[in-house]
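okay, predicted coordinates and the sequence, questions at the end:
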Amino acid sequence: MLNLPWNRAGKSRRPTSGRRRYRSLTPAKTISLVFLSFAALRILLGNPEGPSRSGNRADFYVSYVIDGDTFELADGRRVRMLGIDAPEAGYHDKPVEFYGPESTEWLRNRIERRSVGLEISGQDNYGRALAWVYEADGTLLNLESLSAGYSRLLDKFGLPPKLEPALRQAESEARILKKGLWQKRKTKRQK
């Protein structure tokens, strides 16, 4: 018997037609393709990741500060500041937490009865608008609160990639320097 391609072990084999067989992608090539796809998508869609200095910010008048991360606007809407969690000031059924009154007073002195710029990013389970809050001069109050030790970092609602490093650094520095709520609490024996 002749040794032709179709006579080998009963398997028929067609001669190649000059087309090259494709090999499966290596993990490195797959990762590169995924990364490039996301980069291209981001360029095409613009900047969907969060607040920007010239983004969709609108000015609102603050009528009342509830605690260190929540306030009420003149139109009656409540706003919860994104990226931070301030200690409770003791309203309704919530007990006063360590550094809660100081945190509330700090925010009250900064924004109560003033206009602020808000970049609203949806609502929480309580119907409050979630927002990045800017003073008239462009200062991001969410970041300032962390930096001064009046709040903790809260990434429950997500953090924009452009702001995340600065927010994490602000909280870390406040912890290291024992600012605000990071200072050592005095117990009854120490008083």
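Cool, got the structure.

drop to CA atoms for contacts and neighbour counts, all remaining ones
Noted.

Ala58 reaches Ser115, doesn't it?
No. Taking Cα atoms under 8 Å as the definition, Ala58 is not a contact partner of Ser115, at 9.9 Å.

of these two, which one has the most company?
Set side by side, Ala58 and Ser115 show more neighbours around Ser115, with 18 against 13, by other Cα atoms under 10 Å.

which residue ranges form the strands in this structure?
Applying DSSP state E to the chain gives strands spanning 58-67, 70-73, 78-81, 84-85, 115-123, 129-134, 152-153.

looking at those strands, which is nearest to Arg108?
strand 58-67 (5.5 Å; Cα to Cα).

who does that closest one pair up with?
Strand pairing for strand 58-67, using DSSP bridges, gives strand 70-73 (antiparallel), strand 115-123 (antiparallel).

buried set for it?
Within strand 58-67, the residues scored as buried using 16 or more other Cα atoms under 10 Å are Tyr61, Val62, Ser63, Tyr64, Val65, Ile66, Asp67.

likewise stretch 172-186?
By 16+ other Cα under 10 Å, the buried positions in stretch 172-186 come out as Ser172, Ala174, Arg175, Lys179, Gly180, Leu181, Trp182.

what does stretch 80-96 give?
Buried-residue list, stretch 80-96, by 16+ other Cα under 10 Å: Arg80, Met81, Leu82, Gly83, Ile84, Asp85, Ala86, Pro87, Glu88, Ala89.

quick one: contacts of stretch 159-177?
Identification of contacts with stretch 159-177 by Cα atoms under 8 Å, 6 or more residues apart in numbering yields 49-51, 83, 143-144, 146-149, 152-153, 180, 182-183.

ranking the residues you listed by neighbours, who comes first?
Of all the contacts of stretch 159-177, Leu146 has the most neighbours under the rule other Cα under 10 Å, reaching 29 neighbours.

distance check, the closest residue to it other than its chain neighbours against Ser103.
With Cα to Cα, 6 or more residues apart in numbering as the criterion, Leu146 has its nearest non-adjacent residue at 5.2 Å, and that residue is Glu171. Noted for Glu171: a distance of 15 Å to Ser103, by Cα to Cα, to the nearest Å.

now the chain, which segments are flagged as low pLDDT?
Residue ranges of the chain with pLDDT under 70: 1-22, 32-55, 186-191.

ok, now with 80
For the chain, the stretches flagged by pLDDT under 80 are 1-25, 27-55, 89-94, 96, 157, 184-191.

mind listing the helices for it?
27-45, 100-111, 141-148, 164-176 (DSSP state H).

for the second one, packing partners?
Secondary-structure packing of helix 100-111 (3 or more Cα pairs under 8 Å, 6 or more residues apart in numbering; DSSP states H and E): strand 58-67.

one step back: okay, the buried residues of stretch 172-186 in TSV with distance to Leu107 next?
Converted to TSV, these look like this (distance: Cα to Cα, whole Å):
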residue	distance to Leu107
Ser172	20
Ala174	17
Arg175	19
Lys179	16
Gly180	13
Leu181	14
Trp182	17
